[in-house]
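Visitor: What follows is a predicted structure for the sequence shown.
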Amino acid sequence: MPEKVVIHSKLEIEGIRRAGQAAAFVREELKKAIVPGITTKDLDEIARGLIDLTGGRSAFFGYRGFPGQICISLNDEVVHGIGRSDIFIDAGSVVSVDVGVVLEGFVGDTAESVYTGIPSEDIDRLLKKTRESLFAGINAAIEGNYIRDISEAVQRIAESANLGIVREYVGHGCGKKLHEPPEIPNYKTSNKGPRLQNGMVLAIEPMLNLGTHAVKTDADGWTVRTLDAKLSAHYEHMVLINDDKPEILTWPKK
Ligand code: MG
């Protein structure tokens, strides 16, 4: 059985482009607001205002009961952190923001990690190589390749930088729904996955750790953190398969 994929029409792609741009706008503006001294709840509130400005709504709020507007994950938190009024962003923190915007029925999904300070060599490697692994994956997102080519490209960079690759959370198709098939692991599996075709939209999102790949979930049922309490980073873009040149839908155009 071939794995299910979603091929979007030209009209749908126009809508997904607008949603991708809305998410990119929120991500870029939000990064400017990440400063020591504010709480993660403050940051979530700022995100709410930015999402409002786009005319869209949060794709995450209420998703399986998620209580935040965006996901905010600090330091050893990998993904799905919730903004809290008792958690302050300190100087010298890795802050990962994951933004999902629904606009006119289409979804934009993007994430980035920033550091509030001058990074040490290890932290610099974590951030730069996680970003580099995302772009290696994006460069493999061309018609005729397979999902596994993306996975392998991400894995190659991650392993060459000696970073742990989170297994439990993976990239995904995206566009009309937040999560569409297929899944995009950040490591090679025995399954090469579906062949990439024009009109597919993929959210590629490596989550890499300075230490072990192993993670656990907090008692809140959402916050995922590294088992060894070492730092984690997360970068995500949505790309359109478009012949031999992937189009990054969450790259700010303006
Ligand atoms: Mg995603």
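Guide: Done, it's in.

Visitor: Let me know how buried residue 105 is, in neighbour terms.
Guide: 11 (other CB atoms under 10 Å). In this view, the C-beta of every residue, glycine as well, is placed from N, C-alpha and C.

Visitor: Could I get the pLDDT score of it?
Guide: Confidence at residue 105, expressed as pLDDT, is 98.

Visitor: Give me every residue in the chain that's in contact range of the ion.
Guide: 109, 203, 205 (CB under 5 Å from the ion).

Visitor: The last one touches residue 235, doesn't it?
Guide: Just to be clear, that refers to residue 205. Yes: judged on CB atoms under 8 Å, residue 205 makes contact with residue 235 at a distance of 6.9 Å.

Visitor: Low-confidence ranges, the protein, go.
Guide: 1-3, 254 (pLDDT under 70).

Visitor: what ranges do the helices span in it?
Guide: Secondary structure of the chain (DSSP state H): helices at 10-33, 40-54, 121-139, 147-160.

Visitor: Give me whichever of those helices is most buried.
Guide: Sort the helices of the chain by mean neighbour count, taking mean count of other CB atoms under 10 Å, and helix 147-160 sits at the top with a mean of 22.

Visitor: now for that helix, which elements pack on it?
Guide: Applying 3 or more CB pairs under 8 Å, 6 or more residues apart in numbering; DSSP states H and E, we find helix 147-160 packed against helix 121-139, strand 164-165, strand 180-184, strand 201-204.

Visitor: if we go to 6 Å?
Guide: Applying 3 or more CB pairs under 6 Å, 6 or more residues apart in numbering; DSSP states H and E, one finds that helix 147-160 contacts helix 121-139, strand 180-184.

Visitor: what residues does it touch?
Guide: Helix 147-160 has contacts (CB atoms under 6 Å, 6 or more residues apart in numbering) with 129, 132-133, 136-137, 140-141, 165, 182, 184-188, 192-194, 206, 208.

Visitor: Mark which of the residues you listed are buried, thanks.
Guide: Neighbour counting with 16 or more other CB atoms under 10 Å marks 129, 132-133, 136-137, 140-141, 165, 182, 184-187, 193-194, 206, 208 as buried within the contacts of helix 147-160.

Visitor: which residues sit in contact with the residue of the stretch 1-150 of the chain found nearest the ion?
Guide: Nearest residue of the stretch 1-150 of the chain to the ion, counting by CB to the ion: residue 109, 4.3 Å away. By CB under 6 Å, 6+ apart, the contact list for residue 109 reads 100, 174, 203, 238.

Visitor: related to what we said a few turns ago, for residue 205 and residue 235, indicate the residue with more neighbours.
Guide: residue 205 (27 against 23).

Visitor: Quick check: closest non-adjacent residue to that one.
Guide: Spatial nearest neighbour of residue 205, excluding adjacent residues (CB to CB, 6 or more residues apart in numbering): residue 236 at 3.5 Å.

Visitor: is it true that the one you found touches residue 112?
Guide: No: checked against CB atoms under 6 Å, the pair residue 236 and residue 112 is beyond contact range at 7.6 Å.

Visitor: that older thread, using TSV, lay out the helices and strands packed on helix 147-160 together with distance to residue 217.
Guide: Output for the helices and strands packed on helix 147-160, formatted as TSV (distance: least, CB to CB, whole Å):
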stretch	distance to residue 217
helix 121-139	21
strand 180-184	19
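
Visitor: Of the contacts of residue 109, just say which sits nearest to the ion.
Guide: residue 203 (4.2 Å).

Visitor: how about that closest one, what does it touch?
Guide: 109, 171, 172, 174, 236, 238.

Visitor: which of those has the most neighbours?
Guide: Of these, with other CB under 10 Å as the count, residue 174 tops at 32 neighbours.

Visitor: Ramachandran coordinates for that one?
Guide: With angles defined as degrees, to the nearest 10, residue 174 sits at phi -160, psi 160.

Visitor: residues contacting it?
Guide: 107, 109, 180, 201, 203, 238.

Visitor: could you redo the last one with a cut-off of 8 Å?
Guide: 16, 107, 109, 180, 201, 202, 203, 238 (CB atoms under 8 Å, 6 or more residues apart in numbering).
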